[in-house]
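# This is a predicted model, with the sequence first.
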Amino acid sequence: MRTVRTVAELREALLPARAGRVGLVPTMGFFHEGHLSLMRAARRDCDFVVVSLFVNPAQFAAGEDLDAYPRDEERDSALAEAEGVDLLFAPPPEEVYPPGFSTHVEVHGLTEVLEGDPSQRGASHFRGVTTVVAKLLNMVGPDVAYFGQKDAQQALVIRKMARDLDMPVDIEVLPTVRDEDGLALSSRNAYLDSEERERALALSRALRAADAAVAEGRREAGAVLAAARRELDAAGVEPDYLELLRADDLSPAERVNGRTLLAVAARIGRARLIDNTILGAGR
């Protein structure tokens, strides 16, 4: 595996790969099994696999954990190489945002709720996400890019951006990967001590409780949310949000009818965690 840090090096390294299928796994590093599952899918589907490693300052608001965000490039490089990744693209911030940079990509209609709500991370968060992903897609020019369902809103936003801007890339979204205890894998889990981790399990228990309620025939939003909220309350977890939304456009859902997204976010100690599940699929 080769590591490159400039767009010029990246494009030169990709020239021989253009005859085949190129896959991109965009990441902010500190790899866990969720990241590795995306790399394995890319390795299975593609002739050449690129992993980007870039902690994107544009998606962190003032007071968020940009400086504290966990980083370990040496470890990440070894893990990526073990998964058969061909190229690791690890640019410095000035390569992605050179002096005078003043162009941004915004997607409206999906970014004003959940993480994009002004009371949460706000619109600037998704502007940072869509701008950097658009840049990475332009830099690499992949045939397919891989994302995780844990960031369900982000995946919807990126798919819409690619569709609206006629980007010639397939966006593949893979299932959330969880530890054996149910906690969704996240680089920010590293912030949790043992007591906080135990409390954090309430998020996945809340999702399972909602799914059980739907399986029992309780489909009204109030009943589904109440089932989830009981699990959070029992652990003393106050959610930043707990919402039931249509999975295709994130509009409010009054009941589970087809594919319906239940999304939750909560602060546990230093960590702000998100999780979600799709309710009603196949029922």
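Thanks, I have the structure now. Note that the coordinates shown come from a computational prediction; the quantities given were computed from them, not determined experimentally.
# so who does V107 touch?
V107 sits next to F126, T130, V157, K160, M161, D164 when contact means CB atoms under 8 Å, 6 or more residues apart in numbering. All C-beta atoms are positioned from the backbone trio N, CA, C, and that covers glycine.
# residues near the last one, how many?
Residue neighbour count, defined by other CB atoms under 10 Å, stands at 11 for D164.
# and what of the second one?
Neighbours of T130 under the rule other CB under 10 Å: 24.
# One more: D45?
D45, neighbours per other CB under 10 Å, totals 15.
# same thing with V256?
V256 has 25 nearby residues by other CB under 10 Å.
# which residues touch it?
Counting by CB under 8 Å, 6+ apart, the residues that V256 touches are V214, R219, A221, V224, L244, L279, G280.
# How about the third one, nearest residue that isn't a chain neighbour?
Counting by CB to CB, 6 or more residues apart in numbering, A221 lies nearest to L244, which is 4.8 Å off, once chain neighbours are set aside.
# Now do the helices in the stretch 51-200 of the chain.
Counting by DSSP state H, counting those that start in this stretch, one finds helices in the stretch 51-200 of the chain at the ranges 73-82, 93-96, 123-140, 152-164, 194-215.
# Any chance you could give me the second one in PDB, C-alpha atoms only?
Spelled out, that is helix 93-96. In PDB, the C-alpha atoms belonging to helix 93-96 read as follows (Å, rounded to 0.1, in the frame of the first residue of the first chain):
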ATOM      1  CA  PRO A  93      -5.600  20.600   5.700                       C
ATOM      2  CA  GLU A  94      -3.800  23.100   3.400                       C
ATOM      3  CA  GLU A  95      -3.900  20.600   0.500                       C
ATOM      4  CA  VAL A  96      -7.700  20.300   0.800                       C
END
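# Tell me which residues touch M28, please.
L53, F54, V55, N56, Y69, S187.
# Nearest spatial neighbour of the spatially most central residue of the chain, chain-adjacent residues omitted?
Against the mean C-alpha coordinate of the chain, by CA atoms, centre = their mean, the closest residue is D151 at 3.3 Å. Leaving aside its sequence neighbours, D151 sits nearest to I274 (CB to CB, 6+ apart; 7.3 Å).
# Now do the SS call for the one you found.
strand (DSSP: H, G, I helix; E, B strand; the rest coil).
# didn't it look like it was pressed against G148?
No. Contact between I274 and G148 fails when scored by CB atoms under 8 Å: they sit 11.1 Å apart.
# which residues in the chain form strands?
2-4, 22-27, 48-53, 87-89, 144-148, 170-174, 239-246, 260-268, 271-279 (DSSP state E).
# which one of those strands lies closest to A62?
strand 271-279 (14.8 Å; CB to CB).
# Could I get the contacting residues of P239?
R229, L232, V264, A265, A266.
# so can I have CSV of those residues showing distance to G182, neighbour count and pLDDT?
Conversion of the contacts of P239 to CSV gives the following (distance: CB to CB, whole Å; neighbours: other CB atoms under 10 Å; pLDDT from 0 to 100):
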residue, distance to G182, neighbour count, pLDDT
R229, 17, 17, 98
L232, 14, 20, 98
V264, 13, 27, 98
A265, 17, 20, 98
A266, 15, 22, 98
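# farthest-separated two in the residues you listed?
R229 and A265 (13.6 Å).
# any idea how far L185 is from F30?
11 Å (CB to CB, to the nearest Å).
# Next: R219.
29 Å.
# average pLDDT across stretch 168-180?
Stretch 168-180 shows a mean pLDDT of 97 in the predicted model.
# measure that stretch end to end?
With CA to CA, to the nearest Å as the measure, stretch 168-180 spans 37 Å from end to end.
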